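[1] only geometry, no sequence info:
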(Lines give C-alpha, C1' and ligand atoms only; values in the text may rest on other atoms or scores of the structure.)
Protein backbone atom coordinates (compact mmCIF):
# COMPACT_ATOMS: atom_id res chain seq x y z
CA UNK A 1 0.00 0.00 0.00
CA UNK A 2 2.87 2.34 0.82
CA UNK A 3 4.41 1.70 -2.64
CA UNK A 4 1.28 2.86 -4.50
CA UNK A 5 1.21 5.98 -2.29
CA UNK A 6 4.77 6.73 -3.34
CA UNK A 7 3.75 6.45 -6.99
CA UNK A 8 0.71 8.66 -6.43
CA UNK A 9 2.93 11.35 -4.95
CA UNK A 10 4.82 11.42 -8.26
CA UNK A 11 1.76 11.82 -10.52
CA UNK A 12 2.43 15.53 -11.05
CA UNK A 13 6.09 14.86 -11.86
CA UNK A 14 5.98 12.53 -14.88
CA UNK A 15 9.75 12.27 -15.35
CA UNK A 16 10.33 11.15 -11.74
CA UNK A 17 7.38 8.77 -12.05
CA UNK A 18 8.89 7.13 -15.14
CA UNK A 19 12.28 6.84 -13.46
CA UNK A 20 10.74 5.14 -10.43
CA UNK A 21 8.74 2.75 -12.61
CA UNK A 22 11.87 1.93 -14.62
CA UNK A 23 13.86 1.29 -11.44
CA UNK A 24 11.19 -1.04 -10.07
CA UNK A 25 10.86 -2.89 -13.39
CA UNK A 26 14.61 -3.49 -13.58
CA UNK A 27 14.71 -4.73 -10.01
CA UNK A 28 11.81 -7.11 -10.62
CA UNK A 29 13.28 -8.41 -13.89
CA UNK A 30 16.61 -9.21 -12.24
CA UNK A 31 15.09 -10.65 -9.11
CA UNK A 32 16.93 -8.07 -7.02
CA UNK A 33 15.39 -6.61 -3.90
CA UNK A 34 14.33 -3.01 -4.42
CA UNK A 35 16.85 -1.80 -1.84
CA UNK A 36 19.70 -2.92 -4.14
CA UNK A 37 17.98 -1.25 -7.08
CA UNK A 38 18.19 2.08 -5.32
CA UNK A 39 22.00 2.09 -5.72
CA UNK A 40 23.72 3.74 -8.65
CA UNK A 41 23.79 1.76 -11.87
CA UNK A 42 26.94 0.95 -13.89
CA UNK A 43 26.61 0.15 -17.60
CA UNK A 44 29.21 -1.67 -19.62
CA UNK A 45 29.66 -3.42 -22.94
CA UNK A 46 30.10 -7.17 -22.67
CA UNK A 47 32.57 -8.69 -25.10
CA UNK A 48 34.39 -11.96 -25.64
CA UNK A 49 38.08 -12.65 -26.17
CA UNK A 50 38.67 -16.31 -26.83
CA UNK A 51 36.54 -18.23 -24.34
CA UNK A 52 36.38 -15.44 -21.75
CA UNK A 53 33.84 -12.69 -21.25
CA UNK A 54 34.76 -9.16 -20.13
CA UNK A 55 33.12 -5.79 -19.59
CA UNK A 56 34.20 -2.41 -20.85
CA UNK A 57 32.81 0.76 -19.29
CA UNK A 58 30.40 2.47 -21.65
CA UNK A 59 32.25 5.76 -21.03
CA UNK A 60 35.49 4.24 -22.38
CA UNK A 61 33.90 3.29 -25.69
CA UNK A 62 33.09 5.74 -28.46
CA UNK A 63 31.42 3.18 -30.73
CA UNK A 64 31.14 -0.48 -31.65
CA UNK A 65 31.63 -1.29 -35.31
CA UNK A 66 32.09 -4.30 -37.54
CA UNK A 67 35.56 -5.21 -38.69
CA UNK A 68 36.49 -2.70 -41.43
CA UNK A 69 36.47 -3.94 -45.04
CA UNK A 70 39.94 -2.49 -45.66
CA UNK A 71 42.72 -2.50 -43.08
CA UNK A 72 46.14 -1.44 -44.35
CA UNK A 73 49.13 -3.10 -42.70
CA UNK A 74 51.66 -0.71 -41.11
CA UNK A 75 55.26 -1.57 -42.05
CA UNK A 76 57.57 -1.89 -39.06
CA UNK A 77 54.73 -2.29 -36.54
CA UNK A 78 54.32 -5.18 -34.13
CA UNK A 79 52.10 -8.03 -35.28
CA UNK A 80 49.30 -7.11 -32.85
CA UNK A 81 48.68 -3.94 -34.84
CA UNK A 82 46.40 -5.21 -37.58
CA UNK A 83 46.75 -1.94 -39.48
CA UNK A 84 44.99 1.32 -40.18
CA UNK A 85 41.38 1.67 -41.24
CA UNK A 86 39.72 4.73 -42.74
CA UNK A 87 36.62 5.32 -40.62
CA UNK A 88 34.58 8.24 -41.92
CA UNK A 89 37.71 10.06 -43.07
CA UNK A 90 39.72 9.43 -39.88
CA UNK A 91 42.58 6.93 -39.62
CA UNK A 92 41.98 4.37 -36.88
CA UNK A 93 44.67 1.92 -35.74
CA UNK A 94 43.09 -1.54 -35.36
CA UNK A 95 44.58 -3.55 -32.49
CA UNK A 96 44.23 -7.33 -32.10
CA UNK A 97 43.74 -7.47 -28.32
CA UNK A 98 44.33 -11.23 -28.06
CA UNK A 99 47.62 -10.94 -29.97
CA UNK A 100 48.63 -7.96 -27.79
CA UNK A 101 48.05 -10.08 -24.69
CA UNK A 102 50.17 -12.90 -26.14
CA UNK A 103 47.28 -15.31 -26.69
CA UNK A 104 47.60 -15.75 -30.45
CA UNK A 105 46.00 -13.90 -33.32
CA UNK A 106 42.25 -13.51 -33.60
CA UNK A 107 40.48 -14.73 -36.70
CA UNK A 108 38.12 -12.32 -38.39
CA UNK A 109 34.61 -13.80 -38.42
CA UNK A 110 31.12 -12.41 -38.87
CA UNK A 111 30.97 -11.86 -35.09
CA UNK A 112 34.27 -9.91 -34.91
CA UNK A 113 33.82 -6.34 -33.73
CA UNK A 114 36.01 -3.31 -33.17
CA UNK A 115 35.49 -1.31 -29.98
CA UNK A 116 36.58 2.23 -30.72
CA UNK A 117 38.24 3.60 -27.59
CA UNK A 118 37.12 6.92 -26.16
CA UNK A 119 40.50 8.45 -25.30
CA UNK A 120 41.51 12.07 -25.89
CA UNK A 121 45.02 11.42 -27.10
CA UNK A 122 45.33 7.84 -28.33
CA UNK A 123 43.02 6.69 -31.12
CA UNK A 124 42.53 2.92 -31.18
CA UNK A 125 40.06 0.32 -32.34
CA UNK A 126 40.21 -2.82 -30.22
CA UNK A 127 39.42 -5.98 -32.17
CA UNK A 128 37.40 -8.47 -30.09
CA UNK A 129 35.87 -11.83 -30.98
CA UNK A 130 32.29 -10.84 -30.22
CA UNK A 131 30.23 -8.11 -28.56
CA UNK A 132 27.37 -9.43 -26.45
CA UNK A 133 25.58 -6.15 -25.78
CA UNK A 134 25.11 -3.96 -22.72
CA UNK A 135 25.22 -5.31 -19.19
CA UNK A 136 23.91 -3.35 -16.23
CA UNK A 137 25.09 -3.77 -12.67
CA UNK A 138 24.62 -1.98 -9.39
CA UNK A 139 27.69 -0.43 -7.84
CA UNK A 140 27.22 -2.71 -4.83
CA UNK A 141 27.99 -5.69 -7.09
CA UNK A 142 31.49 -4.34 -7.85
CA UNK A 143 34.60 -5.85 -6.30
CA UNK A 144 38.11 -4.42 -6.63
CA UNK A 145 39.49 -7.97 -6.38
CA UNK A 146 40.94 -9.02 -9.71
CA UNK A 147 39.69 -12.40 -10.89
CA UNK A 148 42.22 -14.70 -12.56
CA UNK A 149 41.85 -14.91 -16.33
CA UNK A 150 43.01 -17.40 -18.93
CA UNK A 151 44.41 -14.54 -21.02
CA UNK A 152 46.50 -13.35 -18.06
CA UNK A 153 45.39 -9.77 -18.53
CA UNK A 154 44.98 -8.89 -14.85
CA UNK A 155 47.23 -5.82 -15.22
CA UNK A 156 44.57 -4.32 -17.55
CA UNK A 157 41.60 -5.05 -15.28
CA UNK A 158 39.86 -2.58 -13.00
CA UNK A 159 38.02 -5.10 -10.81
CA UNK A 160 34.94 -7.18 -11.52
CA UNK A 161 31.20 -7.26 -11.10
CA UNK A 162 29.77 -10.29 -9.34
CA UNK A 163 26.18 -11.41 -9.61
CA UNK A 164 25.38 -14.79 -8.20
CA UNK A 165 27.92 -17.27 -9.60
CA UNK A 166 28.82 -14.99 -12.53
CA UNK A 167 32.00 -12.92 -12.45
CA UNK A 168 32.49 -10.21 -15.09
CA UNK A 169 36.04 -8.77 -15.18
CA UNK A 170 36.14 -5.07 -16.12
CA UNK A 171 38.72 -4.31 -18.80
CA UNK A 172 40.32 -0.85 -18.53
CA UNK A 173 40.94 0.69 -21.95
CA UNK A 174 42.77 3.60 -20.40
CA UNK A 175 45.24 1.32 -18.60
CA UNK A 176 45.81 -0.64 -21.81
CA UNK A 177 46.29 2.40 -24.06
CA UNK A 178 48.59 4.22 -21.66
CA UNK A 179 50.79 1.21 -20.84
CA UNK A 180 54.42 1.27 -21.98
CA UNK A 181 53.94 -2.09 -23.73
CA UNK A 182 51.17 -0.59 -25.87
CA UNK A 183 53.03 2.63 -26.60
CA UNK A 184 56.06 0.67 -27.87
CA UNK A 185 54.35 -0.50 -31.07
CA UNK A 186 57.40 -0.52 -33.34
CA UNK A 187 58.69 -4.00 -34.20
CA UNK A 188 62.15 -4.70 -32.81
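    Everything's here; your move. Everything quoted here is computed from the prediction, not taken from an experiment.

[2] So what are the structural domains in this protein, by residue number?
    1-38, 40-183 (automatic domain parsing).

[3] Helix or strand next in line after the helix or strand containing residue 6, which one?
    Counting by DSSP states H and E, the element that carries residue 6 is helix 2-8. Sequence-wise, the next helix or strand downstream of helix 2-8 (DSSP H and E) is helix 14-30.

[4] Tell me the gap between that following helix and the middle of its chain.
    Distance of helix 14-30 from the chain centroid (Cα atoms, centre = their mean, to the nearest Å) equals 24 Å.

[5] For it, buried residues please.
    For helix 14-30, the neighbour count (16 or more other Cβ atoms under 10 Å) marks 17, 20, 27 as buried. Every residue, glycine included, has its C-beta placed from N, CA and C.

[6] How is residue 176 assigned, secondary-structure-wise?
    helix (DSSP: H, G, I helix; E, B strand; the rest coil).

[7] Sketch out the strands for the chain, chain order is fine.
    41-49, 52-57, 61-66, 81-87, 90-96, 113-117, 125-128, 130-138, 142-143, 157-163, 166-171 (DSSP state E).

[8] Quote the end-to-end distance of stretch 95-102.
    Across stretch 95-102, the terminal residues are separated by 13 Å (Cα to Cα, to the nearest Å).

[9] What is the burial count for the nearest residue to residue 128 once chain neighbours are set aside?
    Nearest residue to residue 128, sequence neighbours excluded (Cβ to Cβ, 6 or more residues apart in numbering): residue 47, at 4.4 Å. Each residue near residue 47 was counted by other Cβ atoms under 10 Å, and the total is 23.
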